[in-house]
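[1] The sequence and its predicted three-dimensional model are supplied below.
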Amino acid sequence: MKHRIIIRSIVAVFILFNGQQAVAQFDPMFTQYMFNELFINPAYAGSRENISATGLIREQWVGLDGAPATQTFSIHAPVFNKRIGVGLSVLNEGIGVSKRTGFNLNGAYRIPMGRNTLSFGLQMGIVTLSENLAQLNLQNDNQFMMNSGRQTAPNFGFGAYYTSPNWYVGLSIPRMLQNRIDVSGASADVQNELNTQDWHYFLTGGLVKSITSTIKLRPNVMMKVVNGAPLQVDLNCNALFNDFIWAGLGYRTGDAASLMVGAQLTKQLRLGYAYDYTLSALQDFNSGSHELMLGFDFGFDKNQIVTPRYF
């Protein structure tokens with residue numbers, strides 16, 4: 001009961017401070033973002049040089065009623081002599097009374113630079129939103145007695161991605177429109193606003209460094225910058241043994257410490273798991289977050305995937 005009161009109060013206060021509008025623009029959070037970059041950057045499309053598919057499930061703040069639950073799937077590939085990357089990403093997420101399902105088409109123009117590649121990408125998609133405000137059970141406030149129903153809104157994004165065999169860097173704005181469901185009137189309406197001050201900028205980078213003949217280190221960083229909010233930084237470092245098993249630690253500023261393990265089961269199939277231990281004030285109300293990732297690269301022939309891809 002305490003958990004329900006807490007999450008309902010958080011959602012209610014959040015809506016009130018946004019002018020009685022239910023905000024359904026929120027960015028999903030991933031600990032294993034290095035395996036799921038298409039959701040961050042459309043320029044990543046085609047970068048694994050073959051058809052590549054990734055599924056990821058995240059249960060955040062387990063034990064807290066209404067906590068985020070996210071399921072994603074993405075598939076992308078290079079086409080036209082690998083000068084173009086195309087991809088599809090699907091996301092389903094729920095946070096409290098807010099539900100969201102999104103479908104995005106991604107396209108990237110890839111410029112070869114020797115062994116390196118510079119890509120520029122665009123993302124276009126639609127998202128279905130719903131706000132079940134009646135679940136808050138705030139009976140004395142008419143603003144919270146109405147459910148929004150399922151509403152549809154567009155969105156688009158942009159990104160750049162530079163990769164080499166041993167390192168990469170990316171910059172992106174995954175969502176350029178702020179989608180809101182306005183429940184202040186007699187009926188629920190979707191409002192789509194293009195405001196550069198609301199843009200969330202993602203800067204990512206990573207590299208592979210050989211320590212011995214059997215051990216490699218894979219540090220990764222993701223920085224999220226948005227106007228009016230503190231800089232959020234995700235730092236991760238995995239040790240990869242014999243190009244087969246990896247294990248590592250991570251830290252997200254002001255939020256969590258992470259443990260990651262995984263295996264490159266074959267040259268094409270990879271499996272990863274991450275556990276986040278909450279460091280914020282919410283640690284008294286949950287038992288942490290769990291994330292499971294499964295990826296597969298479809299080789300057009302056996303000789304195309306010589307060694308596992310690191311990014």
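    On my side now, so go ahead.
[2] next one: phi and psi at the nearest residue to Asn104 once chain neighbours are set aside?
    Distances taken as CB to CB, 6 or more residues apart in numbering put Gly125 closest to Asn104, at 3.4 Å, once the chain neighbours are dropped. (C-beta placed from N, C-alpha, C; glycine too.) Dihedral pair for Gly125: phi -160, psi 180, per degrees, to the nearest 10.
[3] Tell me if I'm right that Gly125 and Thr101 touch.
    No - between Gly125 and Thr101 there is no contact under CB atoms under 8 Å: 10.6 Å.
[4] So these two - more neighbours on which side?
    It is Gly125, of Gly125 and Thr101, that has more neighbours when counted by other CB atoms under 10 Å, with 21 against 17.
[5] Work out for me the element Ser52 sits within.
    For Ser52, the host element (DSSP states H and E) is strand 51-59.
[6] which other residues reach that strand?
    28-32, 35-36, 38, 67-77, 289-298, 300, 309 (CB atoms under 8 Å, 6 or more residues apart in numbering).
[7] next one: stretch 76-85
    38, 43-52, 86-88, 106-110, 112, 119, 121.
[8] one more time with 10 Å
    With contact meaning CB atoms under 10 Å, 6 or more residues apart in numbering, stretch 76-85 is reached by 37-38, 42-54, 86-89, 106-112, 117, 119, 121, 161, 297-298, 300.
[9] so what strands line up beside the host helix or strand of Gly250?
    Using DSSP H and E, the element containing Gly250 is strand 245-252. Sheet pairing of strand 245-252 (DSSP bridges) gives strand 232-241 (antiparallel), strand 256-264 (antiparallel).
[10] all strands in the stretch 1-150 of the chain, in order from the N-terminus.
    21-23, 51-59, 69-79, 84-95, 98-113, 116-131 (DSSP state E, counting those that start in this stretch).
[11] give me the low-pLDDT residue ranges for the stretch 151-300 of the chain?
    181-190, 300 (pLDDT under 70).
[12] Strands of the stretch 201-311 of the chain, residue ranges please.
    With DSSP E, counting those that start in this stretch as the criterion, the stretch 201-311 of the chain has strands at 209-210, 215-226, 232-241, 245-252, 256-264, 269-278, 289-298.
[13] Can I get the strands of the stretch 1-150 of the chain in a markdown table including mean pLDDT and distance to Tyr277?
    Putting the strands of the stretch 1-150 of the chain into a markdown table (pLDDT from 0 to 100; distance: least, CB to CB, whole Å) gives the following:
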| stretch | mean pLDDT | distance to Tyr277 |
| --- | --- | --- |
| strand 21-23 | 41 | 28 |
| strand 51-59 | 95 | 14 |
| strand 69-79 | 95 | 18 |
| strand 84-95 | 94 | 20 |
| strand 98-113 | 93 | 25 |
| strand 116-131 | 90 | 31 |
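[14] Can I get the ones you listed in a markdown table including distance to Pro219?
    Below are the strands of the stretch 1-150 of the chain laid out as a markdown table (distance: least, CB to CB, whole Å):
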| stretch | distance to Pro219 |
| --- | --- |
| strand 21-23 | 34 |
| strand 51-59 | 20 |
| strand 69-79 | 23 |
| strand 84-95 | 25 |
| strand 98-113 | 23 |
| strand 116-131 | 19 |
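[15] Looks like Gly288 contacts Gln60 (just checking).
    Yes - if you go by CB atoms under 10 Å, Gly288 and Gln60 touch, sitting 8.9 Å apart.
[16] more crowded one of the two?
    Gln60 (23 against 18).
[17] Now do the buried residues in stretch 45-65.
    Residues of stretch 45-65 classed as buried by neighbour count (16 or more other CB atoms under 10 Å): 45-56, 58-61, 64-65.
[18] Same question for stretch 225-233.
    Buried residues in stretch 225-233 (16+ other CB under 10 Å): Gln232.
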